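In: here are the coordinates; sequence isn't available:
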RNA sequence: CGGGAUGUAGCGCAGCCCGGUAGCGCACUUGCAUGGGGUGCAAGGGGUCGUGAGUUCGAAUCUCGCCAUCCCGACCA
């Protein structure tokens, strides 16, 4: 293998594309706008899934599965939601092919097989789910319903990028039903916190929790909560959203329940999701010119051992010397790989495992066997150290914890260096276009101003932070009064 | 969906302007040496030049259509 190297500082998006391909995570497929997630990339996604799934279960949710297809009549019931997605829906109109009489060996859509009602390929599942919940809910005793589904969805995007935006992507969508407004709102916020905790503790990416403005909000929601992360190039990435749906879907699908007092009321709802887009965040926040850098908590392989040897006997004695370490690491829950491929040289292996982001690498050769040591290299700082064999286990355990923390600190540092207060329009443009980062600026609260700012600067309001400091100020664009700063940035 | 660019071996590219039946580097196969940061030497295998039509005695090369990818916009998780 030879890898084309692109420097992060020279062309960020080319660096990203290159990395995704070279680290063997994903590639473009024969289907326009759709990607193939390769085993190594999928292994990382599975790590994310496993942790998120655990956290959803811990907060009382169960998994279920709803159909890929949504009858158009159901889809259009919640008008705002349907209108929001209308432009990017794939639609199934026929159910059969037949051989083409005009061209041998080719197939054509059988015009006889036209569907009575078109089926929309789900861009999200609120419609089919709420149509189902209607049958499940009669009484307050049936509530709450706390369901999550792992699924694929399709949004027909014009311009795609591996993991960040593809026509089909994998995600999870939680859909909950509650008896009261407060409970639904509490659920919405709780799941936002789950996402934030996942991002910070597992992905090692600091996020800003906030509320979306009306312009940026999910079409069917009363409020959209978001976690926003900053990539190394200073752009924002929306990493997860949690929607307070009010009674919008309950009303659209006529989902009512009888209260203790015997009254009929519409139920309250939330929905929340994160997608394979998180893979993009993971790559863009931590990686460097050598390749991927993975936080230990999401790395499919924690430790790789590269033997350095001349003869097969040397190789076997190294493997034997490493056996106890591998066993004890494995029993502690770490994945260890001994790279015993005889067809590649050590230097090549070093480069390859760096490219794949394995957090810790151990190199062991004859000299180490003599001195009872090993060379340990951490991926995040590339720092090397010689460690006595007897100390390897504790050293590696400590190192993995330290790498996890260091990645978070480093990401936080990048974000803080690229976050600026902007009080005038000139300062604002400077932050957004020249310094390339987050602009904390006052905004008058109107959609018109937000739209104008976006048109002129290409920066949008990422969110109104939940921990927004109340302070008097004037809007950076209109000069009208404002009570707090919001986060502006260019975004993915 | 608009503007620009590209499509030649698994990957990266040259050849195209000036038509004459395809080449380089890496990867791959085999052998020998080598092995503590992307091994060296030697010998091999692999391509309907994105696709369809047109011009021509002859097309990777010229013309048109289509498809795909990338970059820049609009839209979006």
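Out: Arrived safely, thanks for sending. Everything quoted here is computed from the prediction, not taken from an experiment.

In: got the domain ranges for chain A?
Out: For chain A, the structural domains run A:12-286, A:301-401, A:419-489, going by automatic domain parsing.

In: where in the stretch 351-492 of chain A is pLDDT low?
Out: Along the stretch 351-492 of chain A, the model assigns pLDDT under 70 to no residue.

In: give the contact list for whichever residue of it sits closest to RNA strand B.
Out: Nearest residue of the stretch 351-492 of chain A to RNA strand B, counting by Cβ to the nearest atom of the strand: residue A:365, 2.4 Å away. In this view, the C-beta of every residue, glycine as well, is placed from N, C-alpha and C. Contact partners of residue A:365, counting by Cβ atoms under 8 Å, 6 or more residues apart in numbering, are A:307, A:308, A:309, A:318.

In: make TSV from the domains of chain A and add distance to residue A:294 to it.
Out: Shown next, in TSV, are the domains of chain A (distance: least, Cβ to Cβ, whole Å):
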stretch	distance to residue A:294
domain A:12-286	7
domain A:301-401	4
domain A:419-489	25
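
In: how close does residue A:96 sit to residue A:31?
Out: The gap separating residue A:96 from residue A:31 is 21 Å, by Cβ to Cβ, to the nearest Å.

In: got it, and residue A:470?
Out: Distance, residue A:470 to residue A:31, using Cβ to Cβ: 50 Å.

In: looking at the two, which has the bigger crowd around it?
Out: A side-by-side neighbour count of residue A:470 and residue A:31, using other Cβ atoms under 10 Å, places residue A:31 first with 11 against 6.

In: next, the buried residues of stretch A:384-401.
Out: Neighbour-count burial for stretch A:384-401, counted by 16 or more other Cβ atoms under 10 Å, picks out A:387, A:389, A:392, A:393, A:395, A:396, A:399, A:400.

In: could you do stretch A:151-166 as well?
Out: The neighbour-count check on stretch A:151-166 (16+ other Cβ under 10 Å) flags A:151, A:153, A:154, A:155, A:156, A:160, A:161, A:162, A:163, A:164, A:165, A:166 as buried.

In: cool, and stretch A:283-299?
Out: Using 16+ other Cβ under 10 Å as the test for burial, stretch A:283-299 gives A:283-288, A:291-299.

In: just these: which are in helices?
Out: The members of these that map onto helices under DSSP state H are A:283, A:284, A:285, A:286.

In: so where do the strands sit in the stretch 351-492 of chain A?
Out: In the stretch 351-492 of chain A, the strands defined using DSSP state E, counting those that start in this stretch lie at A:360-364, A:373-378, A:384-388, A:419-422, A:438-442, A:460-465, A:470-474, A:481-489.

In: direction included, what does the fourth one pair up with?
Out: Based on DSSP bridges, the strands next to strand A:419-422 in the sheet, each with its direction, are strand A:438-442 (parallel).

In: equivalent analysis for the first one, please.
Out: Paired strands of strand A:360-364, with direction, are strand A:303-307 (parallel), strand A:373-378 (antiparallel) (DSSP bridges).

In: now those strands in CSV, with mean neighbour count and distance to residue A:236?
Out: Output for these, formatted as CSV (neighbours: other Cβ atoms under 10 Å; distance: least, Cβ to Cβ, whole Å):
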stretch, mean neighbour count, distance to residue A:236
strand A:303-307, 25, 33
strand A:373-378, 20, 29
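
In: could you dump those strands to a markdown table with distance to residue A:76?
Out: Shown next, in a markdown table, are the strands paired with strand A:360-364 (distance: least, Cβ to Cβ, whole Å):
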| stretch | distance to residue A:76 |
| --- | --- |
| strand A:303-307 | 52 |
| strand A:373-378 | 54 |
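
In: isn't residue A:82 right up against residue A:76?
Out: Yes: with contacts counted by Cβ atoms under 8 Å, residue A:82 reaches residue A:76, the gap being 4.6 Å.

In: neighbour count winner among these two?
Out: Between residue A:82 and residue A:76, counted using other Cβ under 10 Å, residue A:82 has the larger neighbour count: 22 against 16.

In: contact partners for that one?
Out: Neighbouring residues of residue A:82 by Cβ under 8 Å, 6+ apart: A:75, A:76, A:127.

In: give the burial count for the first one, as a bare number.
Out: What that stands for is residue A:75. Using other Cβ under 10 Å, residue A:75 has 24 neighbouring residues.

In: that one and residue A:121 touch, don't they?
Out: No: at 10.1 Å, residue A:75 and residue A:121 do not qualify as touching, with contact defined as Cβ under 8 Å.

In: any shared contact partners between these two?
Out: Here residue A:75 and residue A:121 have residue A:89 as joint contacts, going by Cβ under 8 Å, 6+ apart.

In: the most centrally placed residue in chain A in helix, strand or coil?
Out: With distances taken as Cα atoms, centre = their mean, the residue of chain A nearest its centroid is residue A:278 (1.6 Å). Classification of residue A:278 using DSSP: H, G, I helix; E, B strand; the rest coil returns helix.

In: measure it to residue A:431 for me?
Out: Distance from residue A:278 to residue A:431, by Cβ to Cβ: 26 Å.

In: rewinding a little: for RNA strand B, tell me which of the buried residues of stretch A:283-299 show up nearby.
Out: Near RNA strand B, judged by Cβ under 7 Å from any atom of the strand, there are no entries from the buried residues of stretch A:283-299.

In: between the residues you listed, which sits nearest RNA strand B?
Out: Checking the buried residues of stretch A:283-299 one by one against RNA strand B (Cβ to the nearest atom of the strand), the nearest turns out to be residue A:291, at 7.6 Å.

In: residue A:191 contacts residue A:59, correct?
Out: Yes: contact criterion Cβ under 8 Å: residue A:191 and residue A:59 qualify, at 7.4 Å.

In: helices or strands up against the lowest-mean-pLDDT helix or strand in chain A?
Out: One helix or strand of chain A scores below all others by mean pLDDT, DSSP states H and E: strand A:107-109, with a mean of 78. Under the contact definition 3 or more Cβ pairs under 8 Å, 6 or more residues apart in numbering; DSSP states H and E, strand A:107-109 sits against strand A:97-99.

In: buried stuff in the strand it packs on?
Out: By neighbour count on 16+ other Cβ under 10 Å, the buried set for strand A:97-99 is empty.

In: not counting it itself, show me its contacts.
Out: With Cβ under 8 Å, 6+ apart, strand A:97-99 has contacts from A:106, A:107, A:108, A:109, A:110.

In: same question, stretch A:179-196
Out: Contacts for stretch A:179-196 (Cβ under 8 Å, 6+ apart): A:52, A:55-56, A:59, A:140, A:143-144, A:146, A:174, A:176, A:178, A:207, A:209, A:223, A:225-227, A:239-240, A:242-246, A:257, A:259, A:265, A:267-270, A:272, A:274.

In: 7 Å instead?
Out: A:55, A:59, A:140, A:143-144, A:174, A:176, A:178, A:207, A:209, A:225, A:227, A:240, A:242-244, A:257, A:267-270, A:272, A:274 (Cβ atoms under 7 Å, 6 or more residues apart in numbering).

In: in helices, which of the residues you listed fall?
Out: Cross-referencing the contacts of stretch A:179-196 against helices under DSSP H gives residue A:55.
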